[in-house]
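> here is my input; please provide its structure:
(chains A, B, C and D)
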Number of protein chains: 2
Amino acid sequence: MGRPRTYDDRVLFDAAKAVLRERGLRGLDVRAVCHAAGVPSGVVYNRFPSREALLAETWLVTVAGFQEAFLASLAEGDLPRTAAFVVDWARAHPGDAGLLLVHRVEDFIGTGDAERSKRATDLRRRLSLGFARAAKRTFPSLAAVDAVERIVFAVVRIPEAAVRPYLVRGAPIPASVAKLVNDALRGIVDGAFPADHARV
Amino acid sequence: MGRPRTYDDRVLFDAAKAVLRERGLRGLDVRAVCHAAGVPSGVVYNRFPSREALLAETWLVTVAGFQEAFLASLAEGDLPRTAAFVVDWARAHPGDAGLLLVHRVEDFIGTGDAERSKRATDLRRRLSLGFARAAKRTFPSLAAVDAVERIVFAVVRIPEAAVRPYLVRGAPIPASVAKLVNDALRGIVDGAFPADHARV
DNA sequence: CGCTATTTGGAGAAGATGCTCTAGAATGGT
DNA sequence: ACCATTCTAGAGCATCTTCTCCAAATAGCG
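Next up, the predicted model:
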């Protein structure tokens, strides 16, 4: 069965996240990752065909870890709660969250090898499905496209906006952002039902 | 008085923005900028001491162009209008807006030469002042820190969140985001006055 | 027109970065 | 014990990137 691995792939992933936080996207080169991981460069190229593949894999593994819990929350049907979940997750996993900010799933679809592209497509499909379902249930009166746009804005863009400034500067995320996000969510949910505005 | 300049600095700034949009932060090297600008590299280093200085200058000039109108809008005291202004500005100047996303003023304070750092500090000071004033007037019942946090979230983070996904993929920003931002703003403004919730 | 000042144009040095390659180490199977 | 297989370790090559440097170009001035 050959020599057993001394290093888990996770060591490389974690090192990549650490380098990203400390030196930014531009400083995220293979040498820096290897140094941070305490690993010779041969290890990287034994497992990944290229720097790009290593970073893509790091990203994909990280989203996958986020997505399951996210979709579960989304399926429960409470938008403000899902937005709060995203904020909490970022607070608990700042390294992962910081990494997610620098790419989009689309960046890995149609690039790299077919297997990676397929996985990215799959992640994307699941997300789309979750959003579509939540959209139909939460905003039944809206056109499908508008409802999805509103859902994504509510549970992705808004939490991301609240959390991003802290992540990029490597600072802890204060608890106070939760209320801001919650307040914004109220406006977004209410805004979908124009009739309600008469009350105010 | 020596040979007159063939190229305006703006050519370099515009080229940098174009390269950023087309090849991302990682592809933003001096060669690419020179090629996009149709300028030999000697021109860049005749005017800027380093690549970093060129990009910093590009960023600072771009914010300065945005900030004046932004602060004027903020001084008018209508938060949703200011948020809408930011969205409109990004729609009208996608190149500039895309550039603003990739740095923060703080990145240029205490780095580079003293003059640059001073200018960045000045930009920052004016912003802080504008936010503080708006905070005091809009949310008089909140603690100063909380009020400022809420203002920034409303007129910077939210519009940025609405607009960013389109900017990063180089796509035009749809008009529909205006309503989303406006709805979110309603929640953020109302959320500062807990007493009002009794009505709903 | 010579002289000084400034910019252009671009070749190429110095260093950083992605990646290859191979000797050797560590395992299971026979 | 020996082999086949897989991984580690890191030196080193090829390329890319930043930046330097200087001859040629273009202006105003006495």
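
> every contact and neighbour count from this point should use C-alpha atoms.
Will do.

> what packs against whatever helix or strand A:Val43 lives in?
Using DSSP states H and E, A:Val43 falls within helix A:41-47. Counting contacts by 3 or more Cα pairs under 8 Å, 6 or more residues apart in numbering or on different chains; DSSP states H and E, helix A:41-47 packs against helix A:30-37.

> are the helix it packs on and DNA strand C in contact anywhere?
Yes - against DNA strand C, helix A:30-37 shows contacts by Cα under 7 Å from any atom of the strand at A:30-31.

> buried ones in that helix?
By neighbour count with 16 or more other Cα atoms under 10 Å in any protein chain shown, helix A:30-37 contains the buried residues A:30, A:32-34, A:36-37.

> what's the answer for stretch A:10-25, then?
Across stretch A:10-25, burial judged by 16+ other Cα under 10 Å covers A:12-21, A:25.

> coming back round to it: list the buried ones in the helix holding A:Val43?
By 16+ other Cα under 10 Å, the buried positions in helix A:41-47 come out as A:Val44.

> what's whichever helix or strand comes after that helix in contact with?
Downstream of helix A:41-47, the first helix or strand assigned by DSSP H and E is helix A:51-75. Helix A:51-75 is contacted by residues A:13, A:16, A:29-30, A:44, A:48, A:81-82, A:85-86, A:96, A:99-100, A:103, A:108, A:112, A:120, A:123, A:127, A:130-131, A:133-134 when judged by Cα atoms under 8 Å, 6 or more residues apart in numbering or on different chains.

> repeat for stretch A:79-93
A:70, A:73-74, A:96-97, A:151, A:154-156, A:158-160, A:162-163, A:172-173, A:178, A:181-182, A:185-186.

> and the residues you listed, which are buried?
Buried members of those, counted by 16+ other Cα under 10 Å: A:70, A:73-74, A:96-97, A:151, A:154-156, A:158-160, A:162-163, A:173, A:178, A:181-182, A:185-186.

> hmm, the helix holding A:Val43 in reach of DNA strand C?
Yes - using Cα under 7 Å from any atom of the strand, helix A:41-47 comes into contact with DNA strand C via A:41-42, A:45.

> helices along chain A, start to end?
A:9-23, A:30-37, A:41-47, A:51-75, A:79-92, A:94-100, A:114-138, A:144-152, A:158-168, A:177-191 (DSSP state H).

> could you check the angle the fourth one makes with helix A:79-92?
Spelled out, that is helix A:51-75. When axes from the mean of the first three to the mean of the last three Cα atoms, to 10 degrees is applied, the directions of helix A:51-75 and helix A:79-92 differ by 140 degrees.

> could you check the pLDDT of whichever residue of chain A sits closest to chain B?
At 3.9 Å from chain B, A:Gly187 is the closest residue in chain A, using Cα to the nearest Cα. Predicted confidence (pLDDT) for A:Gly187: 98.

> thought B:Gly187 was touching it, still the case?
Yes - under the criterion of Cα atoms under 8 Å, A:Gly187 makes contact with B:Gly187 at 3.9 Å.

> so what sits against both of these two?
By Cα under 8 Å, 6+ apart, A:Gly187 and B:Gly187 have no common neighbours.

> show me the contacts for the residue nearest to the spatial centre of chain A.
For chain A, the residue nearest the mean C-alpha position is A:Leu100 (4.2 Å; Cα atoms, centre = their mean). A:Leu100 makes contact with A:59, A:62-63, according to Cα under 8 Å, 6+ apart.

> at 6 Å instead, please
Contacts for A:Leu100 were tallied using Cα atoms under 6 Å, 6 or more residues apart in numbering or on different chains; there are none.

> before we move on, the earlier item: send the alpha carbons of the helix holding A:Val43 over as CSV?
Coordinates of the C-alpha atoms in helix A:41-47 are reproduced here as CSV (Å, rounded to 0.1, in the frame of the first residue of the first chain):
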residue,chain,number,x,y,z
SER,A,41,6.6,21.7,-1.9
GLY,A,42,6.8,18.2,-3.2
VAL,A,43,3.8,17.3,-1.0
VAL,A,44,1.6,19.8,-2.7
TYR,A,45,2.5,18.7,-6.2
ASN,A,46,2.2,15.1,-5.2
ARG,A,47,-1.5,15.7,-4.5
